[in-house]
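Visitor: Could you work out the structure for the sequence below:
(chains A and B)
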Amino acid sequence: MAAKKPRVKIPKSVAAGDIITIKTLISHKMESGQRKDKEGNPIPRDIINHFEAAFNDNVVFSVDIDPAVSANPYLEFSAQVDEAGTFTMKWTDDAGEITEYSQDVALKG
Amino acid sequence: MNISRRTWLCSSAAAAATAFFGVAGRAFASLEEVEKAIEEFGGGAAVEDGGPLKLKTPEIAENGNSVPVSFEVDSPMSDDDYVESVMIIATENPSPDVATFHFSPASGVAKASTRMRLAKTQNVLAVAKTSTGQLFKVNNNVKVTIGGCGG
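Guide: This is a model prediction of the structure:
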């Protein structure tokens, strides 16, 4: 199933060299494949299995996600920002669909 | 909260948990599966306890569907010496893998948080691998009160 619009919290401006904390949340059922329906048939797995964050096209953080991650996956991580630029986040699901999000970061002063 | 409402909440939470994890009869992860996962991750190298790795989990998780987990590895995160990956394992879930996090010097600090599903009270294991080939692990026990009745 498609993921819904992600919510991302990144500071808008930082001092060069700052290590910032980024918080991300995306709506997704994360169907683990463990559940069974009313007839006893297994409900197939359908999850977001990979997340990647890049800054100015360099990957700074990524996660291989397994079915034990909760629904509406929350991911919090850090990144060192040495220059102004753009963060790009990608969530990939089992069907290969990618949800993308971008945000610019300016340097203070 | 009167007794009948509390009973209803306990049983519906238990029913929800059973529906989520499937009918009993599905085996939970074995010790061998966990050891195999660690070996594959670490390439068979020796794993030290603790060291620069800290794992934070609640002592008691009220809701097994959403248990916060976070970790941090004290590391220079320089080009010569940084944390490459940290793997989280729920040792007694039907399938033990939770997530594997990958870092680079650009991460600044090897630190992350997420929320995981725990099928029952169990040990949650974090294993960290550095670019210099060092491996560290931390094991935390998390009590899961799925039924909300202290079960």
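
Visitor: contacts, neighbours, all on C-alpha from now
Guide: OK.

Visitor: Around chain A, pick out the residues from chain B.
Guide: If contacts are counted using C-alpha under 8 Å from any C-alpha of the partner chain, the residues of chain B sitting beside chain A are B:19-23, B:65-67, B:95-118.

Visitor: Low-confidence stretches in chain B?
Guide: Filtered on pLDDT under 70, chain B yields the residue ranges B:1-27, B:147-151.

Visitor: for it, what spans make up the helices?
Guide: Residue ranges of the helices in chain B, as given by DSSP state H, are B:3-21, B:31-42.

Visitor: before we move on, what about chain A?
Guide: So, for chain A - with DSSP H - there are no helices.

Visitor: what about the strands in it?
Guide: In order along the chain, chain A carries the following strands (DSSP state E): A:4-9, A:13-14, A:18-27, A:48-55, A:58-65, A:74-81, A:85-93, A:98-107.

Visitor: of all those, which lies closest to residue B:71?
Guide: When those are ranked by proximity to residue B:71, the top entry is strand A:74-81, at 10.1 Å, counting by C-alpha to C-alpha.

Visitor: Any idea how many residues pack against the residue nearest to residue B:57 when sequence neighbours are not counted?
Guide: Beyond its immediate neighbours in the sequence, the residue positioned closest to residue B:57 (C-alpha to C-alpha, 6 or more residues apart in numbering or on different chains) is residue B:69, lying 5.0 Å away. Burial of residue B:69 is recorded as 17 neighbouring residues (other C-alpha atoms under 10 Å in any protein chain shown).

Visitor: ok, residue B:69 touching residue B:116?
Guide: Yes - counting by C-alpha atoms under 8 Å, a contact exists between residue B:69 and residue B:116, whose distance comes to 7.1 Å.

Visitor: picking that back up, just the buried ones out of the residues of chain B next to chain A, please.
Guide: With burial judged by 16 or more other C-alpha atoms under 10 Å in any protein chain shown, the buried subset of these is B:19-22, B:65-67, B:95-118.

Visitor: Neighbours of residue A:90, how many?
Guide: Residue A:90 has 18 neighbouring residues, counting by other C-alpha under 10 Å.

Visitor: Repeat that for residue A:108.
Guide: In terms of burial, residue A:108 registers 10 neighbours under the definition other C-alpha under 10 Å.

Visitor: Please report how far it lies from chain B.
Guide: Between residue A:108 and chain B the computed distance is 18 Å (C-alpha to the nearest C-alpha, to the nearest Å).

Visitor: Pull the contacting residues for that residue.
Guide: Neighbouring residues of residue A:108 by C-alpha atoms under 8 Å, 6 or more residues apart in numbering or on different chains: A:13, A:14, A:15, A:16.
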